[in-house]
Each structure stands twice: as C-alpha cells, then as structure tokens.
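**Q** I would like the atomic coordinates for the input below:
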Amino acid sequence: MRVAITILVACCGCASALAGEPARTVDRNTNPQTSAEVELVFDAIDSNHDQRISRSEARRAAVTRGRFDGMDADEDGFVSRAEYRARPRAEDFE
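**A** All right, here's what the predicted structure looks like:
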C-alpha cells in the first residue's frame, strides 16, 4: 500500500511539473482538491491504518475536526473511505 501511495504522490508531482504547477504537499491537514489527494489525506488521517477514521483520529486533523458526525453517514462511530470520499472538503453540512 505504501508503494502505491509513493507512486501516486510521484505521479501527482510529475503531472504538476508537466503542467507548470508546483507540487502540493499533502498531509492530514490538507483540504483535498483532487481524487488522488482525497485518498492520500484519508491515509494520512487513518493513523492506525485500519481503513477507517475514528473520532480521535478525526480530532487530530484540521480537515475533519468538528465534522465527524456529518461525515459518519451510517453512524457506526467511524468514517469509512467511502464516507470520506463523499465529503472530503471542509464545507458546511445541511
């Protein structure tokens, strides 16, 4: 998985360089702008790598802090990768 992420980061950097844009640094506090960044930020927030974001993991990341209940659509106490993909950006919930 780490190899795939490394390759993805490298590809994003290459694409940015080819487009004449600087590569963005992506971490758990990044508000993702692309689908590739959504995946990278999810992986950065999921610190124990169990493929879901717990409430405590969400509190440590600026992009999910205070938004956990709105993202946890099935109310199981965790944000799955699919739930995060549905609402990755810092935005207000209805």
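
**Q** Let me know the pLDDT of Gly13.
**A** If you check Gly13, the pLDDT there is 52.

**Q** what residues does stretch 65-84 touch?
**A** For stretch 65-84, contacts defined as CB atoms under 8 Å, 6 or more residues apart in numbering pick out 38-39, 42, 45, 51-55, 58-59, 64, 86-87, 90, 93. Where you see a C-beta, it was placed from the backbone N, CA and C, and this is true even at glycine.

**Q** where do the strands sit along the protein?
**A** 52-54, 78-80 (DSSP state E).

**Q** and these as JSON lines, adding distance to Asp27, mean neighbour count and mean pLDDT?
**A** Formatted as JSON lines, these follow (distance: least, CB to CB, whole Å; neighbours: other CB atoms under 10 Å; pLDDT from 0 to 100):
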{"stretch": "strand 52-54", "distance to Asp27": "15", "mean neighbour count": "20", "mean pLDDT": "97"}
{"stretch": "strand 78-80", "distance to Asp27": "17", "mean neighbour count": "21", "mean pLDDT": "97"}
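
**Q** can I get these in TSV with distance to Val26?
**A** TSV is the format used below for those (distance: least, CB to CB, whole Å):
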stretch	distance to Val26
strand 52-54	16
strand 78-80	18
